[in-house]
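*Asks:* here are the coordinates; sequence isn't available:
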């Protein structure tokens, strides 16, 4: 039996301000990153605990799943175009739509894949 040591994972504190967040994200802004889905606002397509891969420079279009800055926080929603402009729409009808500016500057990344942790074959691509 071999004695395996745990692999150390770096843990960084959450940014305390928008300026700290911009500095932290400036070093590798174009690289995809993974997030874990928390909550039920994107049910039934995205269950809590699933992992999503986000492309920061992805093309956001009508129907894309995105990470956006709205109401002073990052949120995960579907980008939808309505007659009165763009909205960040939760899939769960218990949550409200959030209007965003026409330039889509609130969108910070596009979801390109989801995967259930621990399941090699359970994933879906959104490319």
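*Replies:* Nice, I can see it. All figures in this text were calculated on a predicted structure; none of them were measured in a lab.

*Asks:* bridged to the residue nearest the centre of the chain, which residues?
*Replies:* Nearest to the geometric centre of the chain sits residue 67, at 3.9 Å (CA atoms, centre = their mean). Beta-bridge partners recorded for residue 67 (DSSP bridges): residue 76, residue 109.

*Asks:* my read: it touches residue 76, true?
*Replies:* Yes: Residue 67 is in contact with residue 76 according to CB atoms under 8 Å; the separation is 5.8 Å. C-beta here means a position set from N, CA and C on the backbone, and glycine is covered the same way.

*Asks:* what touches both of those two?
*Replies:* The contact sets of residue 67 and residue 76 overlap at 35, 111 (CB atoms under 8 Å, 6 or more residues apart in numbering).

*Asks:* relative to residue 78, how far out is the closest residue to residue 44 other than its chain neighbours?
*Replies:* Nearest non-adjacent residue to residue 44, counting by CB to CB, 6 or more residues apart in numbering: residue 91, 6.8 Å away. From residue 91 across to residue 78, the span is 6 Å (CB to CB, to the nearest Å).

*Asks:* who's more crowded, those two?
*Replies:* Neighbour count, other CB atoms under 10 Å: between residue 91 and residue 78, residue 78 has more, with 19 against 16.

*Asks:* residues in contact with the more buried one?
*Replies:* 42, 63, 64, 65, 66, 88, 89, 90, 91.

*Asks:* now list the buried members of those residues.
*Replies:* 42, 64, 65, 66, 88, 89, 90, 91 (16 or more other CB atoms under 10 Å).

*Asks:* quick check: the fourth one touching residue 79?
*Replies:* Just to be clear, that refers to residue 66. Yes: between residue 66 and residue 79 there is a contact under CB under 8 Å: 4.9 Å.

*Asks:* spit out the residues that contact those two alike.
*Replies:* With CB under 8 Å, 6+ apart, residue 66 and residue 79 have common neighbours 60, 88, 107.

*Asks:* which residues of this structure fall in strands?
*Replies:* Assigned strands in the chain, in chain order: 33-36, 51-55, 65-70, 73-82, 85-89, 98-100, 107-115, 123-125 (criterion: DSSP state E).
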